[in-house]
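Asker: output the structure for:
(2 chains)
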Amino acid sequence: MKEMDTISRPSGLQWLIQWLQRDKRAALSFVFLLTLLFVSLTAEWIAPHSPTEQHLSNTLAAPSKLNWLGTDDLGRDIFSRLLYGARAALYASCLAVSIAVCLGVPIGIWAGYMGGWLDELVGRMIDTLLSFPAIVLAIAVTGALGIGLTNGMIAVGIVFAPQLARLARAKTLVVRQELYVDAARCFGSSTRHILWHHILPNALQPVLVQVTILLAGALLAEASLSFLGLGIQPPDPSWGAMLARAYQSMEIAPEQMYAPGIAILLTAMAFNSLGESLRKVLDPTNQRL
Amino acid sequence: MKNVGVNLLTVLTLMANRMLAATVVIEAVFAIPGMGSLIVKAALQRDFPVVQGVVLAMVVIVLLLNLLADLLYGVIDPRVK
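Answerer: Sure, this is the predicted structure:
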């Protein structure tokens, strides 16, 4: 019994540090995302200018000491807008993914555990939702709920939910066959207790990986929706909206599109490589951990 | 080719689904009149019946493509029945 204690699992923080030490790309992505989080929380104090203040005498300016990344077509400082845009981006992707998790995971494990006609019904509904092109469904839901960043992200969350539901369901089908689930059932545990304490923790690993990938997807969806004018509303800054604005004056000042475009690219890449690395680490067939 | 064809076809139909979504952005960027720009305009003006119609049309296209792919599996690889 004593030995069992000494080889207990490392705590969450230790595990995180070990993982990041081993995988440099994941560490880099993690640091980048932490910086982004920090920037978005402290944008008020870091940003050199207001993100919405217009200087119509100084429009489409090239990068200078005063405006580090130049100004847009209304004379607003692009660097400040970029910092505030990080807030919109993180808020949007986290909101969309939380909605997807809260909707998708319970439905998935419930349907997978109960089986029978209920599973069949939920499976068909998931298939139906997955056959919609994602952006089109998001636009449709935004059209129904009204235009705005929060509504747009609720729409994206609804679009993402079936993916997570399918993943959670597939894993639940495996986990429910395990002996400890049978044992819990024999001891008379309620279905809710089994789902919450036995199925959920064991079905969560693929979901966790998919969540990081979906965060990137949500970021891109937010950028697309804002680009189309269905996401964040002017004058509030978001990377997608900045791209849309810069696109209008692309022929005069093409360098305006670089900053928000690269920001979107890097953040999406960070989420993706973090997810990829997480998938490798959590893979039970991977012997390294 | 015959052996790979089935897998290729699966990926192609999945991509067709995504391409249909991409047309929405592309049509808005290049100001091409089409279903994509129609749905964006309708959503911006909260013209819900039009949004519904476009979504229905797109879903029917996706379903037909999937059906076509399912039928083609049998043509490409006779082992699939």
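
Asker: interface residues of chain B facing chain A?
Answerer: Contact residues (Cβ under 8 Å from any Cβ of the partner chain) of chain B with chain A: B:17-18, B:20-22, B:24-25, B:28-29, B:39-40, B:42-44, B:46-48, B:51-52, B:54-55, B:58-59, B:62-63, B:66. The way it works is simple: take the backbone N, C-alpha and C, and place the C-beta from them, glycine included.

Asker: which of those fall within strands?
Answerer: Secondary structure from DSSP state E places none of the residues of chain B next to chain A in strands.

Asker: report the buried members of these.
Answerer: Among the residues of chain B next to chain A, the ones that count as buried by 16 or more other Cβ atoms under 10 Å in any protein chain shown are B:17, B:20-21, B:24-25, B:28, B:39-40, B:42-43, B:51, B:54-55, B:58-59, B:62, B:66.

Asker: what kind of secondary structure is the residue nearest to residue A:81 when sequence neighbours are not counted in?
Answerer: In this structure, residue A:81 finds its nearest non-sequential neighbour in residue A:237, 3.9 Å apart by Cβ to Cβ, 6 or more residues apart in numbering or on different chains. Here residue A:237 is recorded as coil under DSSP: H, G, I helix; E, B strand; the rest coil.

Asker: phi and psi next, for residue A:237.
Answerer: phi -90, psi 140 (degrees, to the nearest 10).

Asker: again with residue A:71
Answerer: Torsion angles, degrees, to the nearest 10, at residue A:71: phi -130, psi 160.

Asker: now do it against residue A:117, distance only.
Answerer: 61 Å (Cβ to Cβ, to the nearest Å).

Asker: ok, these two, which is more surrounded?
Answerer: Legend: neighbour count by other Cβ atoms under 10 Å in any protein chain shown for residue A:71 and residue A:117, higher for residue A:71 (26 against 8).

Asker: flag every residue of the stretch 151-289 of chain A that's near chain B.
Answerer: Going by Cβ under 8 Å from any Cβ, the residues of the stretch 151-289 of chain A near chain B are A:224, A:227, A:228, A:229, A:230, A:247.

Asker: the fourth one contacts residue B:44, doesn't it?
Answerer: What it means is residue A:229. Yes - counting by Cβ atoms under 8 Å, residue A:229 touches residue B:44, with 6.1 Å between them.

Asker: what touches both of these two?
Answerer: residue A:147 (Cβ atoms under 8 Å, 6 or more residues apart in numbering or on different chains).

Asker: residue contacts, the residue nearest to residue A:81?
Answerer: Per Cβ under 8 Å, 6+ apart, neighbours of residue A:237: A:51, A:52, A:81, A:82, A:84, A:85, A:88.

Asker: what's the answer for residue A:166, then?
Answerer: Residue A:166 touches A:108, A:126, A:130, counting by Cβ under 8 Å, 6+ apart.

Asker: and those, which is closest to residue A:63?
Answerer: residue A:130 (44.1 Å; Cβ to Cβ).

Asker: which residue is the nearest non-sequential neighbour of that closest one?
Answerer: Per Cβ to Cβ, 6+ apart, closest to residue A:130 is residue A:162, 5.3 Å.

Asker: could you do residue A:19 as well?
Answerer: In space, residue A:19 is closest to residue A:281, 5.4 Å off (Cβ to Cβ, 6+ apart).

Asker: just the helices in chain B please.
Answerer: With DSSP state H, the ranges of helices along chain B come out as B:2-29, B:35-44, B:48-76.

Asker: before we move on, the earlier item: in this structure the residue nearest to residue A:130 contacts residue A:105, no?
Answerer: No - using Cβ under 8 Å, residue A:162 is not in contact with residue A:105, being 11.4 Å away.

Asker: tell me which element the spatially most central residue of chain A is part of?
Answerer: Residue closest to the average C-alpha location in chain A (Cα atoms, centre = their mean): residue A:215, at 1.6 Å. Assigned by DSSP states H and E, residue A:215 belongs to helix A:200-228.

Asker: buried set for that helix?
Answerer: Residues A:200, A:202-207, A:209-228 are the ones in helix A:200-228 that count as buried (16+ other Cβ under 10 Å).

Asker: ok now the helix-or-strand element of chain B with minimal mean pLDDT, how far from the chain's centre?
Answerer: Least confident helix or strand of chain B, by mean pLDDT, DSSP states H and E, is helix B:2-29 with a mean of 83. Between the centre of helix B:2-29 and the centre of its chain there are 7 Å (Cα atoms, centre = their mean, to the nearest Å).

Asker: other SSEs contacting that helix?
Answerer: Using 3 or more Cβ pairs under 8 Å, 6 or more residues apart in numbering or on different chains; DSSP states H and E, the elements in contact with helix B:2-29 are helix A:134-145, helix A:200-228, helix B:35-44, helix B:48-76.

Asker: can you give me the angle it makes with helix A:200-228?
Answerer: 50 degrees (axes from the mean of the first three to the mean of the last three Cα atoms, to 10 degrees).

Asker: for residue 52, give me its contacts.
Answerer: Looking at chain A here, since you left the chain open. For residue A:52, the contacting residues are A:76, A:235, A:236, A:237, by Cβ under 8 Å, 6+ apart.

Asker: wait, chain B was what I had in mind.
Answerer: residue A:140.

Asker: and residue A:94, helix, strand or coil?
Answerer: Taking three-state DSSP, the label given to residue A:94 is helix.
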